[in-house]
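Enquirer: make a model of this:
(one chain, ligands or ions: 2)
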Amino acid sequence: MNDPGRVPTDGSWETVVGLETHVQLQTRSKMFCACSADYAGAEPNTHTCPVCLGLPGALPVPNAAAVALAARTALALGGTVHARTWFERKNYHYPDLAKGYQISQYEAPLCTGGGLDLDGEPARRVRLERLHLEEDTGKLIHVEGGALVDFNRSGVPLVEIVTRPDLRSGEDARAYLEALRQLLRWIGASTANMEDGALRVDVNVSVRPRGAAELGTKVEVKNLNSFAAVRAAIDHEADRLAGILAAGGVVVHETRGWDEAARRTVPQRSKESAEDYRYFPEPDLPPLVVDAAWLEARRAELPELPAARRARLASGAGLGPDAARLVTRDRATADYVESAIAARPGAALAIADWIVGPLFGLANAEGHDAHAMAARVPPGELAALVALVEGGALGRAAAKDVLARMYIDAAPAAEVVAREGLGRVDDDALGAAVREVLASQTRAVADYRAGKGAALGFLLGAVMRATRGQADPAAARAALEAALAADD
Ligand code: ZN
Ligand code: MN
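Expert: Ligands and ions are numbered 1, 2, ... in the order given. Have a look, this model is predicted:
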């Protein structure tokens with residue numbers, strides 16, 4: 001009953017999506033041993049020891065930093081961190097799984113509840129089911145005629161974050177992942193780089209008749225390596241399932257993969273159930289006990305979170321919701337904006353405009369690294385540039401050129417203005433430009449004298465061009481009108 005090719009588009013089906021996201025925690029060492037977790041670019045199997053190779057008799061020791069980062073993540077998501085949980089063995093066989101089981105949490109996850117708002121809208125809240133700690137597996141490297149295994153990643157700490165089935169489309173999933181990635185980076189829990197595997201997403205998709213309360217049979221799609229792939233796989237799978245149901249077919253509970261080239265999901269295997277994993281408490285580890293004072297200390301470590309900061313900048317600083325959302329894309333950018341505003345508190349809105357417009361344009365062209373942006377144009381210098389514009393010393397067009405120069409040369413605003421001669425033209429230079437325009441644009445001058453008012457705009461444009469946009473438009477207009485009247 002696969003791909004019957006009849007996709008109902010009348011909106012009579014509702015898509016229901018839940019996400020399971022694995023996040024690599026940014027710790028120095030692995031989850032249960034002292035091996036370095038920073039294995040990027042390392043020779044295969046050089047970050048290993050008896051514990052993460054699963055050798056007999058090796059004993060795991062939990063990494064306190066990983067537990068702290070997991071708790072920080074749980075608190076930032078508004079979840080409930082439980083005082084007493086434990087680790088369990090999830091048993092299955094795969095060549096990248098050294099011990100034949102993964103140490104995870106099942107019955108008692110570290111955290112339950114919490115949620116994230118899509119696009120910052122509380123009405124579009126996605127509730128979380130759970131967040132638990134576990135260890136990563138190794139990695140298979142497929143080569144001609146077989147596969148090799150690299151255990152450098154084996155035992156690296158992960159949190160798995162599971163949503164409730166609150167998402168309704170591929171776009172919802174993209175928005176959720178954006179919000180999650182922003183938060184994880186914001187609190188320093190993870191690089192959350194999908195291309196490095198630090199953020200890995202499995203999606204559960206089902207469809208049901210619109211208005212139905214019961215969930216349909218779900219299909220899991222794995223191996224999605226970009227937000228775009230997540231979105232496309234969900235939308236494709238929802239269409240496929242609706243097609244099956246509309247044709248009177250039955251959806252099979254299975255795991256599918258995403259074929260990026262063919263832009264469709266493909267069957268992988270029928271789904272294991274929890275029983276297949278024969279979970280049982282890890283006998284080599286004591287229960288994970290979270291002390292209330294320790295947890296409060298983790299809460300106190302949290303920075304102001306994106307949603308709160310967005311709200312404060314939107315209304316408190318008067319930036320409005322759109323600019324506030326743009327400048328809180330990451331913590332370093334938000335810090336930059338706040339420093340620039342602090343340097344010139346009266347001009348918050350103008351400063352935000354210059355940042356989200358011209359400055360982001362320059363920074364985005366180079367991948368938007370907020371730290372690099374701040375190093376080239378320190379917040380105080382951006383404020384100084386805005387002051388020159390607001391004080392009338394610099395026209396907007398000239399100021400854009402100055403900013404581009406500041407960005408390229410990492411030079412102060414005043415220095416660029418002086419060096420490039422980009423400040424406002426003085427009265428003599430303006431008068432010379434007006435005389436030159438009147439002498440060369442005889443036709444427009446004649447039109448103006450014949451009563452065609454529009455010719456004045458044309459002449460004004462010529463004066464502005466002649467001064468490379470550095471004339472104050474009002475002063476240029478006054479000078480032009482005075483010269484035309486005098487020559488009359
Ligand atoms: Zn190790
Ligand atoms: Mn997992």
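Enquirer: output the longest helix belonging to the protein.
Expert: Among the segments of the chain that qualify as a helix by DSSP state H, the longest is helix 227-246.
Enquirer: could you look up the next helix or strand downstream of that helix?
Expert: strand 254-259 (DSSP states H and E).
Enquirer: rewinding a little: okay, buried residues for the longest helix of the chain please.
Expert: Neighbour-count burial for helix 227-246 flags 227, 229-246 (criterion: 16 or more other CB atoms under 10 Å). Every residue, glycine included, has its C-beta placed from N, CA and C.
Enquirer: also stretch 23-32?
Expert: Using 16+ other CB under 10 Å as the test for burial, stretch 23-32 gives V23, Q24, L25, Q26, T27, S29, K30, M31, F32.
Enquirer: contacts only, for the closest residue to Q105 other than its chain neighbours.
Expert: Leaving aside its sequence neighbours, Q105 sits nearest to H132 (CB to CB, 6 or more residues apart in numbering; 3.7 Å). Contact analysis of H132 by CB atoms under 8 Å, 6 or more residues apart in numbering lists S104, Q105, Y106, P109, L110, C111, V159, E160.
Enquirer: now with 6 Å, please.
Expert: Residues in contact with H132 (CB atoms under 6 Å, 6 or more residues apart in numbering) are Q105, P109, L110, E160.
Enquirer: so it: helix, strand or coil?
Expert: strand (DSSP: H, G, I helix; E, B strand; the rest coil).
Enquirer: cool, and S315?
Expert: helix.
Enquirer: swap in Q102?
Expert: Counting by three-state DSSP, the backbone at Q102 sits in strand.
Enquirer: repeat for R325
Expert: helix.
Enquirer: show me the contacts for it.
Expert: Applying CB under 6 Å, 6+ apart to R325 gives the contacts R310.
Enquirer: quick check: it vs A365, distance?
Expert: Per CB to CB, to the nearest Å, R325 is found 21 Å from A365.
Enquirer: also P56?
Expert: Using CB to CB, we find P56 at a distance of 55 Å from A365.
Enquirer: excluding chain neighbours, what is closest to whichever residue of the stretch 51-200 of the chain sits closest to ligand 1?
Expert: Per CB to the ion, C52 is where the stretch 51-200 of the chain lies closest to ligand 1, at 3.3 Å. Excluding its sequence neighbours, the residue lying closest to C52 (CB to CB, 6+ apart) is G155, at 3.5 Å.
Enquirer: what about the one you found, how many neighbours?
Expert: G155 sits with 31 neighbouring residues when counted by other CB atoms under 10 Å.
Enquirer: same question for D427.
Expert: 9.
Enquirer: at the contact with ligand 1, which residues of the protein appear?
Expert: Within the chain, the positions adjacent to ligand 1 are C33, C35, C49, V51, C52 by CB under 5 Å from the ion.
Enquirer: for burial, what's the neighbour tally of the second one?
Expert: What that stands for is C35. C35: 23 neighbours (other CB under 10 Å).
Enquirer: ok, the fourth one next?
Expert: Neighbourhood size, V51 [other CB under 10 Å]: 23.
Enquirer: would you confirm that it contacts M31?
Expert: No: assessed by CB atoms under 6 Å, V51 is found out of contact with M31, at 9.5 Å.
Enquirer: mind checking how far R130 is from P109?
Expert: 4 Å.
Enquirer: between the longest helix of the chain and strand 254-259, how many degrees?
Expert: With axes from the mean of the first three to the mean of the last three CA atoms, to 10 degrees defining the directions, helix 227-246 sits at 130 degrees from strand 254-259.
Enquirer: helix 227-246 packs against which elements?
Expert: Helix 227-246 sits against strand 13-24, helix 170-186, strand 199-209, strand 219-224, strand 264-270, with contacts defined as 3 or more CB pairs under 6 Å, 6 or more residues apart in numbering; DSSP states H and E.
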